[in-house]
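Peer 1: sequence isn't available, so here's the structure alone:
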């Protein structure tokens, strides 16, 4: 509701200057975003992109003046960054609102310490498997499996392996399939059926993925032949994403009342996200509260486990570690990792008892 009210107010301001204004241009967007990044995020575009809850690639393109972007993501970015929509028309940077709120969001981003969803080692391991896979996947397919919209992160993790995957894909014959002898373009019935099946899903797949499954390199052949179906798929995907975004605050507030509190990864999985990066960027305050509550729960659990283990040292006859772990539903790694002295004392006490009572 806050977002909808903000949009209504901003469009009111746009209408008030409409007669004397020019269309939104790439240069104005670039100017405003560069000013924001320099002023509030110490020149770090990644930080601003995460606060805005948009793709890093899109944010970089806007900052570079490469594209104006789609209306929905652009307005959502302005809302998250507290940038007036009129600034995109006028190019004015002096009217950026709520600098205190913006600085608090940036500070929260640093405190969260968001790391990439996958480390370079994990990406490298996935690349190594993909390089041996048959039929050879494309580098973009591997990137999508890992949750990335582009293969940029893969090249950064291991350029040599990424290039090897590209070479394997080119040799496989799957690339430029239409050049092969006897290649046939799927007819309209097959394309329509594929799009309709995608549209029937609760969360339709991207149109470009349907195009890829049919052997096309881009989604253009599908959008030219069935523009209405492709628009419907994109509209449904946008509705699902909006619903997920709207359900996020309620889901996090509900998680704060759970005992034990779930992790951010579990919340992300419940809402259909592949990782918790987006929900951290969209709701930093609630995520920080949930993380703090989990830390408190973990500390309470640790203290309770310590008291229970200390009590075991007074039991007669002394139980074995196996019995203790089964009774307390824990593992040797947990007890030894948190209470090594008590762990060893329980084991030593049981061994002594066995030696004394050996027939």
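Peer 2: Now that the structure is in, tell me what you want to look at. Since the structure is predicted, the reported quantities are computational estimates derived from the model, not experimental observations.
Peer 1: quick one: average pLDDT of stretch 28-44?
Peer 2: On average, the pLDDT along stretch 28-44 is 73.
Peer 1: whoops, stretch 201-220 was the one
Peer 2: On average, stretch 201-220 scores 83.
Peer 1: gap between that stretch and the chain center?
Peer 2: 21 Å (C-alpha atoms, centre = their mean, to the nearest Å).
Peer 1: just the terminal-to-terminal distance for that stretch.
Peer 2: 22 Å (C-alpha to C-alpha, to the nearest Å).
Peer 1: buried sites along it?
Peer 2: 204-205, 207-208, 210-212, 214, 216, 219 (16 or more other C-beta atoms under 10 Å). In this view, the C-beta of every residue, glycine as well, is placed from N, C-alpha and C.
Peer 1: what's the answer for stretch 253-266, then?
Peer 2: For stretch 253-266, burial by neighbour count (16+ other C-beta under 10 Å) applies to 255, 261-262, 264.
Peer 1: determine which two of those are furthest apart.
Peer 2: Maximum pairwise distance in those, criterion C-beta to C-beta, is 9.9 Å, between 261 and 264.
Peer 1: where along this protein do the strands fall?
Peer 2: With strands called from DSSP state E, the chain shows none.
Peer 1: name the helix or strand of it that has the lowest mean pLDDT.
Peer 2: One helix or strand of the chain scores below all others by mean pLDDT, DSSP states H and E: helix 99-112, with a mean of 50.
Peer 1: what about the closest residue to residue 29 other than its chain neighbours, how many residues close to it?
Peer 2: Leaving aside its sequence neighbours, residue 29 sits nearest to residue 62 (C-beta to C-beta, 6 or more residues apart in numbering; 5.2 Å). A count of neighbours around residue 62, defined by other C-beta atoms under 10 Å, yields 25.
Peer 1: how far away is residue 62 from residue 73?
Peer 2: Per C-beta to C-beta, to the nearest Å, residue 62 is found 9 Å from residue 73.
Peer 1: same deal with residue 228?
Peer 2: Counting by C-beta to C-beta, the separation of residue 228 from residue 73 is 22 Å.
Peer 1: neighbour count winner among those two?
Peer 2: Legend: neighbour count by other C-beta under 10 Å for residue 228 and residue 73, higher for residue 73 (17 against 9).
Peer 1: quick check, pLDDT for the more buried one.
Peer 2: At residue 73, pLDDT is 78.
Peer 1: I figured it hits residue 57, correct?
Peer 2: No - look at residue 73 against residue 57 with C-beta atoms under 8 Å: they stay out of range, at 11.5 Å.
Peer 1: where do the contact lists of those two overlap?
Peer 2: With contacts defined as C-beta atoms under 8 Å, 6 or more residues apart in numbering, no residue is shared by residue 73 and residue 57.
Peer 1: re the thing from before, let me know the closest of the buried residues of stretch 201-220 to residue 147.
Peer 2: Nearest to residue 147 out of the buried residues of stretch 201-220 is residue 205 (C-beta to C-beta; 14.1 Å).
Peer 1: spatially nearest residue to that closest one (excluding sequence neighbours)?
Peer 2: Counting by C-beta to C-beta, 6+ apart, residue 205 lies nearest to residue 198, which is 5.2 Å off, once chain neighbours are set aside.
Peer 1: burial check on the one you found, number of neighbours?
Peer 2: Quick note: residue 198 (other C-beta under 10 Å) scores 22 neighbours.
Peer 1: which one's the longest helix in the chain?
Peer 2: The longest helix of the chain (DSSP state H) is helix 227-257.
Peer 1: tell me the mean pLDDT for it?
Peer 2: 89.
Peer 1: just stretch 292-299 next, same as before
Peer 2: 89.
Peer 1: how about the closest residue to residue 120 other than its chain neighbours, what does it touch?
Peer 2: In space, and not counting its chain neighbours, residue 120 is closest to residue 157: 4.3 Å by C-beta to C-beta, 6+ apart. Residue 157 makes contact with 120, 123-124, 127 under the criterion C-beta under 8 Å, 6+ apart.
Peer 1: and what of residue 249?
Peer 2: 283, 286.
Peer 1: quickly note the distance from it to residue 123.
Peer 2: Per C-beta to C-beta, residue 249 is found 32 Å from residue 123.
Peer 1: same deal with residue 92?
Peer 2: Taking C-beta to C-beta, one finds residue 92 at 41 Å from residue 123.
Peer 1: so the two - more neighbours on which side?
Peer 2: residue 123 (24 against 15).
Peer 1: quick check, the more buried one in contact with residue 161.
Peer 2: No - judged on C-beta under 8 Å, residue 123 makes no contact with residue 161 at a distance of 9.1 Å.
Peer 1: which neighbours do those two share?
Peer 2: Common neighbours of residue 123 and residue 161 are not found (criterion: C-beta under 8 Å, 6+ apart).
Peer 1: tell me how far the one residue sitting closest to the centre of the chain lies from residue 64.
Peer 2: Geometric centre of the chain, nearest residue: residue 277, 3.7 Å, by C-alpha atoms, centre = their mean. Counting by C-beta to C-beta, the separation of residue 277 from residue 64 is 22 Å.
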